[in-house]
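Chemist: Any chance you can model this:
(one chain, ligands or ions: 1)
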Amino acid sequence: MKPEAVRLGIIGLGNMGRHHVETLLNGEVPDCELTAVCDSNPVKQSVGKGLPFYSQSSDLIHSGKIDAVLIATPHYSHTPIGIEALDSGLHVLMEKPLSVHKADCLRLLATPRKKTQVFAVMLNQRTDPYYQTIRHMVQKGELGRIHRIHWTITDWFRSQAYYDSSAWRATWEGEGGGVLLNQSVHNLDLFQWIFGMPHKVHAVCSLARYHHIEVEDEVSAIFQYYDGTTATFITSTGEAPGVNRLEVIGDMGRLVKEGDRLTFHRNQVSSSDYIRSTPEGYKMPPAEILDISIPDHGEQHVGIIKNFVGAILRGDKLLSPASDGLHAVELINSMILSSVHQSIVELPIQAAVYEKTLQNLIFNSHFQKTVSPYQGGFGNYLQKSST
Ligand SMILES: NC(=O)c1ccc[n+]([C@@H]2O[C@H](COP(=O)([O-])OP(=O)(O)OC[C@H]3O[C@@H](n4cnc5c(N)ncnc54)[C@H](O)[C@@H]3O)[C@@H](O)[C@H]2O)c1
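Modeler: Numbers count the residues shown, from 1 in each chain. Have a look, this model is predicted:
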């Protein structure tokens, strides 16, 4: 091993962990060597292709074989495993979501760590040049003042076989949520990364609309911002054909990302200014239509791991620091809270209130979970909604 390489361990060798193992064994992350793996299910030992294997995360964490750990286990275990890893001085890369709810995120983030200890979260869609471009344009003010945002992200289609593939999936007790926490956490992270956190949230979370599950598989939400900006956010895992359409309306025009197309309908003058002073007549001068060319969707997971390694070895700025992972979780918690109580929720939410709500959902559950390990493989479902 190179003297300057990070020795990485992976905990959780399921769909995602296995993908990370392959990436690392293929040498796709320079200066990083996968040196040990862990899964509570001993059958997963073969995933590590002969690497030292542990069936207890504590044993890997204290093995002395790793400097850093990537945690790819079911959501509730992120907090206890993450705290133990941070406590023992390891650098930590947590799979999304940072944790299930705000209180657990705060517990994780409050774990004392050395200044040099890196703690990041796998928000891989932040590496996507489409979203980076939109963020840059919004922050530079190219759209002027933002008035409305619409994101319809319904191309997260999942079959019943997907939900049945693991015991923890799609229950309040095992996963802590559905499409919001598992799939749309990416979009909600991007949403707040680009536009900031809303002030009020009103959501309708439809539970088990399409699948035999007990959590939400379709959501329609309205967000309000202090400055009057409003937004809609709609997501589903049961709709086909789905769409991924993000539309941003500002004084200077309309920016639309749909699939692989990013189009800016750019106004010649600010619409707000024109409303106030319309010397030439009733109608706005026509917008010019600009197709913005973006070559691909970026490095995704491997990009985040490279950035994590760069932060450890060279102090590179993290693209997705763990502290950022809290925001999408808080947004998700607020949406479920709003739906359960059929009310408008103001942010920031009280962590203890949501934790109690979730405990009640778990306590009152009578759901009978079906589990039948899926044999067919999941193909490229990981990449599906990066477009
Ligand atoms: N970033 C992404 O694009 C992406 C995509 C899919 C999944 N994920 C995330 O990855 C994580 C895992 O999801 P998955 O789909 O791979 O789940 P999975 O059920 O396929 O795999 C989870 C694995 O963790 C193991 N495990 C469970 N508890 C453990 C423990 N305490 N210690 C060690 N091993 C344990 C299980 O045996 C299983 O092998 C979740 O946080 C999920 O949201 C991220």
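Chemist: Can you verify my assumption that Thr235 contacts Gly178?
Modeler: No: the pair Thr235 / Gly178 is not scored as a contact, 9.7 Å apart, by CB atoms under 8 Å. Heads up, the C-betas are built off the backbone N, CA and C, glycines and all.
Chemist: so how many other residues sit close to the residue in the chain that the ligand sits nearest to?
Modeler: The nearest approach of the chain to the ligand comes at Gly14, 1.7 Å away (CB to the nearest ligand atom). Residues within reach of Gly14, counting by other CB atoms under 10 Å, total 18.
Chemist: Identify the residues contacting it.
Modeler: Neighbouring residues of Gly14 by CB atoms under 8 Å, 6 or more residues apart in numbering: Asp39, Lys44, Ala72, Ser166.
Chemist: what about the first one, how many neighbours?
Modeler: Using other CB under 10 Å as the criterion, Asp39 is surrounded by 24 other residues.
Chemist: The last one too?
Modeler: One way to gauge burial is a neighbour count; for Ser166, by other CB under 10 Å, it gives 17.
Chemist: per-residue confidence at it?
Modeler: Looking at Ser166, its pLDDT is 89.
Chemist: again, but for the second one
Modeler: The model reports Lys44 with a pLDDT of 96.
Chemist: The first one now?
Modeler: The model reports Asp39 with a pLDDT of 98.
Chemist: Could I get the full set of helices for the stretch 201-350 of the chain?
Modeler: Applying DSSP state H, counting those that start in this stretch to the stretch 201-350 of the chain gives helices spanning 271-276, 300-314, 322-341.
Chemist: An error on my part: the question was meant for the stretch 51-200 of the chain.
Modeler: Using DSSP H, counting those that start in this stretch, helices in the stretch 51-200 of the chain cover 57-61, 78-87, 102-109, 129-140, 160-164, 179-182, 185-195.
Chemist: Just the angle for the last one relative to helix 322-341, thanks.
Modeler: Taking axes from the mean of the first three to the mean of the last three CA atoms, to 10 degrees, one finds helix 185-195 and helix 322-341 inclined to each other by 110 degrees.
Chemist: Also the longest one?
Modeler: Helix 129-140 and helix 322-341 meet at an angle of 90 degrees, taking the same axes, to 10 degrees as the criterion.
Chemist: Show me which residues of the stretch 151-300 of the chain sit near the ligand.
Modeler: Ser166, Asn182 (CB under 6 Å from any ligand atom).
Chemist: switch to 8 Å and redo it
Modeler: Selection of the stretch 151-300 of the chain residues close to the ligand by CB under 8 Å from any ligand atom yields Ser165, Ser166, Trp168, Arg169, Leu181, Asn182, Val185, His186, Gln300.
Chemist: if we can go back for a sec, burial-wise, tell me which of the helices of the stretch 201-350 of the chain comes out on top.
Modeler: helix 322-341 (a mean of 23; mean count of other CB atoms under 10 Å).
Chemist: Could I get the average pLDDT for that one?
Modeler: For helix 322-341, the mean confidence score works out to 98.
Chemist: relative orientation of it and helix 78-87 in degrees?
Modeler: Computed by the same axes, to 10 degrees, the angle between helix 322-341 and helix 78-87 is 160 degrees.
Chemist: hmm, back to that, filter the residues of the stretch 151-300 of the chain next to the ligand down to the buried ones.
Modeler: Ser165, Ser166, Trp168, Arg169, Leu181, Asn182, Val185, His186, Gln300 (16 or more other CB atoms under 10 Å).
Chemist: Can you tell me the closest non-neighbouring residue to the last one?
Modeler: In space, and not counting its chain neighbours, Gln300 is closest to Asn124: 4.4 Å by CB to CB, 6 or more residues apart in numbering.
Chemist: what stretches of the stretch 251-387 of the chain score poorly on pLDDT?
Modeler: The model of the stretch 251-387 of the chain has pLDDT under 70 over residues 278-281, 374-387.
Chemist: Can you verify Leu34 is assigned to a strand?
Modeler: Yes: looking at Leu34 with DSSP: H, G, I helix; E, B strand; the rest coil, it is inside a strand.
Chemist: how deep is the closest residue to it other than its chain neighbours tucked in, by neighbour count?
Modeler: Among residues not flanking Leu34 along the chain, Leu24 sits closest, at 4.0 Å (CB to CB, 6+ apart). Neighbours of Leu24 under the rule other CB under 10 Å: 21.
Chemist: got it, and Val371?
Modeler: 11.
Chemist: Strands of the stretch 251-387 of the chain, start to end?
Modeler: Assigned by DSSP state E, counting those that start in this stretch, the strands in the stretch 251-387 of the chain fall at 253-258, 261-266, 288-292, 345-346.
Chemist: which residues sit against the first one?
Modeler: Just to be clear, that refers to strand 253-258. 130, 134, 137, 143-144, 243-248, 262-267, 287.
Chemist: Please indicate which of those are buried?
Modeler: Here, 16+ other CB under 10 Å leaves 130, 134, 137, 143-144, 244-248, 262-264, 267 buried among the contacts of strand 253-258.
Chemist: Which members of the buried ones among the residues of the stretch 151-300 of the chain next to the ligand define the maximum pairwise distance?
Modeler: Trp168 and Gln300 (23.8 Å; CB to CB).
Chemist: thinking again about what came up before, residue contacts, the residue nearest to Gln300?
Modeler: Lys96, His186, Gln300, His301, Gly303, Ile304, Ser320, Ser386.
Chemist: now swap in Asp296 and tell me
Modeler: Here Asp296 is in contact with Pro129 (CB under 8 Å, 6+ apart).
Chemist: So it versus Ile304, what's the distance?
Modeler: 16 Å (CB to CB, to the nearest Å).
Chemist: ok, now Ser272?
Modeler: For Ser272, the distance to Ile304 - CB to CB - is 38 Å.
Chemist: now do Ala203
Modeler: 28 Å.
Chemist: that older thread, reformat the buried ones among the residues of the stretch 151-300 of the chain next to the ligand as CSV; add distance to Glu218.
Modeler: Below are these laid out as CSV (distance: CB to CB, whole Å):
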residue, distance to Glu218
Ser165, 20
Ser166, 21
Trp168, 21
Arg169, 16
Leu181, 14
Asn182, 13
Val185, 16
His186, 17
Gln300, 25
